[in-house]
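# The sequence and its predicted three-dimensional model are supplied below.
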Amino acid sequence: MPSYRIGVDVGGTFTDLVLLDEESGEILEIKVLTTSPNPADGVIKAVHMAMNQGRINGENVQSILHGTTMATNSLIERKGARTALLTTQGFRDVLEIGRQIRPSLFDWTVEKPLPLVPRKWRYELNERVKSDGTILASPREEEIEEIAQKLLQDQIESVAICFLFSFQNKDNEEKVAAVVRKKNPDFFLSLSSHVLPEYGEYERASTTCANAYITLILNRYIEKLDENLLTFNLSAKLKLLQSNGGIATVQALKENWITTALSGPAGGVTAVTHLAKLQRISNAISMDIGGTSCDTCLIKDGHPGWTNESSVGGLPIRTPMIEVKSIGAGGGSLIWVDSGGALRVGPHSCGSHPGPVCYGLGGTEPAITDAHVLIGTLLPKYFLQKGIRIDKKKAEEALLSLGSKIGLSPEEVAAGAIEVMNHNIAQSIRRQGVTKGYDLGSFSLIAFGGAGPLHACFIADELGIPRILLPDFAGVFSALGASLADYRYDFVQAHPCKMDLLKEKELVDIFSDLMARAAGKLKDLPTPTLKMDRILDLRYVGQSFEIHVPLQSELKDPAWKEKVSEQFHRLHEEVYGYCDRKEPVELVNLRLSCFALTPKPKLVNKEKTLEKSGNAGMVQILSPTKKQREDYAFLDRAFLKTGEEIIGPCIILSQNSTAIVPRGWRGPIDENGTIILEKRRQE
């Protein structure tokens, strides 16, 4: 019986889906408008279309893997559960105090974002644990019951419990949780000792509160989606993509939804990392331009950048995640004029409703898609299968109205706006590279998303990047990444200790405990191929930030401490430009990442045919950089053959994305359907 995977990515404008045949590697692409306010409706519509077009039954679907921005949107829009915080006596206001760092150092008018939990719903308990984990005071049951009664009166839905040293001893948190749950079993409880057993009370409290805040929203969304998916009689249960680029079962996420908080862009980076490995490319830039944003990630030595710290809506979130930089630059980004008469693009987007003016769905403000329609780089017929009828005249009228304010024609506004957006994206990538000390000229740019290939060559020119990869399935690449992702679970345990005092048995015991927790989550997974990574968070004594050091040597090795310390010194020099081998080093956290690896079939485009020529005629477009009309060849990607040479200037049309290849860029199509472009000197 044929076996299929479904990968889904819900973006701000479009919901993308891929149907992957696990045996043949054939892929069917689906793209529909994201449905607001309930994205689940768009997912169900896409699944229905895929199963009809693929002519498959539900029992053939062995996996359905879903990347979503629900958690992110809930935090940004402040649409979550009524949440309370229970914390240690004297630490009620830690969410208000935060850290010294201000979002804008010299702006006296800047306002800090309000905490997710208002002060009236933050309660203190008489508990205290020493820094070594010894319990000094445990809260009385009467005290807990009194607060639990107040929670009921205030109609609280979700409760975060975060005590000062619970990462050293979780007993007090678990005692409080048991009493509160007994008072009302319907409360969702988020314990910091389960969510983030790490040093740093502010970030731990913020992350625990965020987890409590989003959980009911995510649970309701998944329950509705699961209920609707039952009509398809799928063999598989829904699984979710996490911020770390791995997938997890719904059951494993139910107490820790915060791991999905920044998972939206992770699928695309996962797919890029897979493609870079196939192409034997060590250094690559992942660039995903969709309808709402541009998400970029630097991949060095075959591994995407990683971080444990980020922020959503101005609030610190600590969870392992792929290090992605997002800016408001996409096909739906609005074009506007500032008070000084300068042309601007984004960060605001028209979204899927009403969408760009050319969609004819009620939009009145021009967006980047309107600009591309006007200069001739997008063909209306490619939008018909998504149920969108392009109205070029409406786009022109909207750009004319905007241009009249600054004395520009509609085409000049369109070309100028595209150039502004290209510059904004290039600047964002340049900052990422400079921050890490990378030479971007040694990287390849891998562009995807509905709009990524439209802008790739212009951005590469500005950054001095000589090589671009335009993957097949570029318009649904993030959904493809979800379908190719491995299972991944991350665990952490704080254990502050100077390295010279650290005993081998302490590490063995903690890692054994973390591996036991990992085994509980991996036991029901279908894949037998497992992998474990052990990491130590180290720093010089007195520092505030740690460096992640892989534990590659065996703890039985008598010299393991020296080897780990030397590796830390080298990494510190690489990151900060110096190291001091005479300074004492201390351990802060132990981390365990466990993977269950999934098979990666060779991918084939189900729609590809070789019966016709790829040449679909010529067209004159207004070049965004030269501000003059040039002849471009139209090429239909469905008819391009392996090994065929692509020579600019041309426009490559495909089902869900369009690529512009200006003069000077050229390259072949490889056996995986990837177009590999290189900049040649113009003769």
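Happy to help now that I have it. Just so it is clear, the model here is predicted, and its values are computed rather than measured.

# Where does the closest residue to L502 other than its chain neighbours sit, in terms of helix or strand?
Leaving aside its chain neighbours, L502 sits nearest to L587 (5.9 Å; criterion: Cβ to Cβ, 6 or more residues apart in numbering). In short, each C-beta sits where N, CA and C put it, glycine included. Using DSSP states H and E, L587 sits within strand 585-596.

# That strand: partners in the sheet, and parallel or antiparallel?
Applying DSSP bridges, strand 585-596 is found paired with strand 487-498 (antiparallel), strand 530-540 (antiparallel).

# ok, R591 - how many residues close by?
Neighbours of R591 under the rule other Cβ atoms under 10 Å: 22.

# Also the one 4 residues further on?
Here the number of neighbours of F595 (other Cβ under 10 Å) works out to 18.

# Please report how far it lies from L530.
Counting by Cβ to Cβ, to the nearest Å, the gap from F595 to L530 is 7 Å.

# now do T435
When Cβ to Cβ is the yardstick, T435 and L530 sit 34 Å from each other.

# Who has more neighbours out of those two?
L530 (14 against 10).

# ok, and the closest non-adjacent residue to the more buried one?
A596 (5.7 Å).

# doesn't L525 make contact with the one you found?
Yes. Contact criterion Cβ atoms under 8 Å: A596 and L525 qualify, at 4.7 Å.

# who touches both of the two?
Common neighbours of A596 and L525 (criterion: Cβ atoms under 8 Å, 6 or more residues apart in numbering): Y487.

# So for the two, which residue has more residues nearby?
Set A596 next to L525 and count neighbours by other Cβ under 10 Å: A596 wins out with 20 against 17.

# Could you pull up the residues touching the more buried one?
Taking Cβ under 8 Å, 6+ apart, one finds D486, Y487, R488, L522, L525, T527, T529, L530 in contact with A596.

# Closest one to T87 out of these, please.
R488 (30.7 Å; Cβ to Cβ).

# Please tell me I have it right and that closest one contacts Q242.
Yes. If you go by Cβ under 8 Å, R488 and Q242 touch, sitting 6.8 Å apart.

# Quickly list what's touching both of these two.
Counting by Cβ under 8 Å, 6+ apart, the common neighbours of R488 and Q242 are A248.

# between those two, which one's more packed in?
Q242 (30 against 21).

# leaving aside the residues next to it on the chain, what's closest to that one?
In this structure, Q242 finds its nearest non-sequential neighbour in T259, 4.6 Å apart by Cβ to Cβ, 6+ apart.

# Please report the distance of that neighbour from G7.
Note on T259: its distance to G7, by Cβ to Cβ, is 18 Å.

# tell me the centre residue of this protein?
P265 (2.8 Å; Cα atoms, centre = their mean).

# Skip the chain neighbours and tell me the closest residue to that residue.
D295 (3.7 Å).

# helix/strand/coil for the one you found?
What DSSP: H, G, I helix; E, B strand; the rest coil gives for D295 is strand.

# doesn't D288 make contact with it?
Yes. Using Cβ under 8 Å, D295 is in contact with D288, at 4.5 Å.
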